[in-house]
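> Need coordinates for the following:
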Amino acid sequence: MRSQGVGPATEAVSAGYGAFHVFATLNLAVLAGWIVLALGAWRTRVLGPVRAAALGLTAALPIGVLKGTTPVSLVALTGLCTALVPLGLALLREAPRPSRAAVLRWVPLTLVTVGLMVLVGQAG
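Numbers count the residues shown, from 1 in each chain. Prediction:
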């Protein structure tokens, strides 16, 4: 494939960047959803106040295309990890282990699904 240079690439991205996208109408709901999830996790005592507040920081994470890593996004992702990693580790320690039959059934299905997702993603 031949490269057409920086100019045409910049024009192509600029032309499509501000275009209407149906999912962009949900951006406010997505951002508010993190706060609602944090409040619900705190009210049900799934998370304490500090970890719930950390989860709420995820609302500061920029959404959309062409979003680079910024200090704000690092704070938001640190909050997400602070809230959910301890919960996930506790679940792994306390939850019953899946049976061998369940593992043998789900691992191939998961691998096939991931493979199909890669193929569809590459196809566009």
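> lowest average confidence, helix or strand, in the protein?
helix 6-17 (a mean of 82; mean pLDDT, DSSP states H and E).
> Beyond that helix, next helix or strand please.
On the C-terminal side of helix 6-17, the closest following helix or strand by DSSP states H and E is helix 27-43.
> Check the offset of that following helix from the chain's centre.
Distance of helix 27-43 from the chain centroid (Cα atoms, centre = their mean, to the nearest Å) equals 14 Å.
> pLDDT on that helix, on average?
Taken as a whole, helix 27-43 carries a mean pLDDT of 94.
> Can I get stretch 84-93 as PDB, trimmed to CA atoms?
Extracted C-alpha coordinates of stretch 84-93, given in PDB (Å, rounded to 0.1, in the frame of the first residue of the first chain):
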ATOM      1  CA  LEU A  84     -12.300  -2.800  41.400                       C
ATOM      2  CA  VAL A  85      -9.000  -4.800  41.700                       C
ATOM      3  CA  PRO A  86      -9.500  -5.500  45.400                       C
ATOM      4  CA  LEU A  87     -13.000  -6.600  44.700                       C
ATOM      5  CA  GLY A  88     -11.900  -8.900  41.900                       C
ATOM      6  CA  LEU A  89      -9.200 -10.400  44.100                       C
ATOM      7  CA  ALA A  90     -11.600 -11.100  46.900                       C
ATOM      8  CA  LEU A  91     -14.000 -12.700  44.500                       C
ATOM      9  CA  LEU A  92     -11.300 -15.000  43.200                       C
ATOM     10  CA  ARG A  93     -10.300 -16.000  46.700                       C
END
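> Right, I'll leave it there.
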